[in-house]
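*Asks:* Just need the structure, nothing else, for what follows:
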Amino acid sequence: MKDLFGNALLDYQNGNYSEDIITSTNISDVDVLPLPYLFRDFKDMPKLEQKALKLAKDSVLDVGCGSGSHSLHLQEKGLKVKAIDISKGAIKVSKLRGVLHAEEKAILDETDTFDTILLLMNGTGIFQELSQVSKHLTHLKSLLNPNGQILIDSSDIKYMYQDEDGGFWMDTNANYYGELDYFLSYKDEKETPMKWLYLDFNTLKLACETVGLKCERVLEGEHFDYLARLS
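*Replies:* Below you'll find the model as predicted:
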């Protein structure tokens with residue numbers, strides 16, 4: 001990975017903001033990810049994120065922390081937070097913004113235990129593929145303290161396959177419909193494409209049950225998205 005995401009965050013943090021991140025997937029057109037949005041305050045966050053931050057308690061692991069916005073809010077509330085991200089630039093920015101404990105690390109390499117684990121902004125994305133979900137959930141479960149919780153959000157993107165008549169054009173021989181190829185570019189440079197997973201709630205719930213986790217839907221968003229609490 002070239003860490004174009006981290007480069008973009010660093011540019012914004014250092015006052016060199018001139019353009020935004022461009023994203024697309026194998027089933028969607030080009031979209032703009034505005035850099036200021038990645039530096040938002042609590043009041044500007046979607047309701048799902050606000051709810052998750054309100055539910056967070058005690059020691060917290062912020063997975064895929066980005067610029068550290070969630071971690072900073074929880075720190076201000078007095079919680080003990082560890083922020084991790086595979087982006088070197090993101091971790092640098094998080095530290096520059098005041099996140100006290102930030103590490104460049106993948107979730108499967110984490111070994112500490114926590115009372116709350118946060119996976120927000122389509123937290124199931126880091127599972128990459130349906131076949132990887134159980135492995136990730138089993139590992140996340142091993143990082144929980146007694147009575148701990150995992151707060152994770154995602155979307156059921158079935159609507160993206162709907163035609164004008166209300167039917168669905170999904171290929172029944174293809175992989176799970178939430179498995180996408182994700183493309184990112186910044187300043188005319190293209191990042192290595194990556195796998196990204198959107199998981200509908202029922203599939204997440206079933207996967208949780210198979211690894212011994214309870215899964216409850218805490219909140220539904222306005223556009224097929226949801227926040228779940230795993231325990």
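*Asks:* three-state assignment of the residue of the chain most remote from its centre?
*Replies:* In the chain, counting by Cα atoms, centre = their mean, residue 165 sits farthest out from the average C-alpha position, at 32.4 Å. Classification of residue 165 by DSSP: H, G, I helix; E, B strand; the rest coil places it in coil.
*Asks:* Share the number of residues neighbouring residue 2, please.
*Replies:* If you count neighbours by other Cβ atoms under 10 Å, residue 2 ends up with 12. (Glycine included, C-beta is placed from N, CA and C.)
*Asks:* repeat for the one 3 residues further on
*Replies:* The burial count assigned to residue 5 is 24, neighbours taken as other Cβ under 10 Å.
*Asks:* what do you get for residue 213?
*Replies:* Neighbour number of residue 213 under other Cβ under 10 Å is 18.
*Asks:* same deal with residue 109?
*Replies:* Considering only other Cβ under 10 Å, residue 109 is surrounded by 11 other residues.
*Asks:* what do you get for residue 72?
*Replies:* Neighbours of residue 72 using other Cβ under 10 Å come to 22.
*Asks:* before we move on, what about residue 34?
*Replies:* Around residue 34 there are 13 residues (other Cβ under 10 Å).
*Asks:* What sits closest to it if chain neighbours are left out?
*Replies:* Leaving aside its chain neighbours, residue 34 sits nearest to residue 20 (5.0 Å; criterion: Cβ to Cβ, 6 or more residues apart in numbering).
*Asks:* Equivalent analysis for residue 89, please.
*Replies:* Per Cβ to Cβ, 6+ apart, closest to residue 89 is residue 6, 1.9 Å.
*Asks:* Next up, the contacts around the one you found.
*Replies:* Residue 6 makes contact with 87, 88, 89, 90, 91, 92, 93, according to Cβ atoms under 8 Å, 6 or more residues apart in numbering.
*Asks:* so how far is residue 141 from the first one?
*Replies:* Going from residue 87 to residue 141 by Cβ to Cβ, to the nearest Å gives 25 Å.
*Asks:* Once you drop chain neighbours, what's closest to the residue nearest the centre of the chain?
*Replies:* Taking Cα atoms, centre = their mean, the centroid of the chain lies closest to residue 123, which sits 3.1 Å from it. Leaving aside its sequence neighbours, residue 123 sits nearest to residue 152 (Cβ to Cβ, 6+ apart; 4.0 Å).
*Asks:* Now the element after whichever strand or helix holds that neighbour, going C-ward?
*Replies:* Using DSSP states H and E, residue 152 falls within strand 144-155. Per DSSP H and E, the first helix or strand lying C-terminal to strand 144-155 is strand 179-186.
*Asks:* So for that following strand, what gets flagged as buried?
*Replies:* 179, 180, 182, 183, 184, 186 (16 or more other Cβ atoms under 10 Å).
*Asks:* ok, the closest residue to the fourth one other than its chain neighbours - contacts?
*Replies:* Beyond its immediate neighbours in the sequence, the residue positioned closest to residue 183 (Cβ to Cβ, 6+ apart) is residue 24, lying 4.9 Å away. Residue 24 makes contact with 30, 31, 183, according to Cβ under 8 Å, 6+ apart.
*Asks:* quick one: what helix or strand has residue 24 in it?
*Replies:* Assigned by DSSP H and E, residue 24 belongs to strand 21-25.
*Asks:* Now do the next helix or strand after that strand, average pLDDT.
*Replies:* For strand 21-25, the succeeding helix or strand toward the C-terminus, using DSSP H and E, is strand 28-33. For strand 28-33, the mean per-residue pLDDT is 95.
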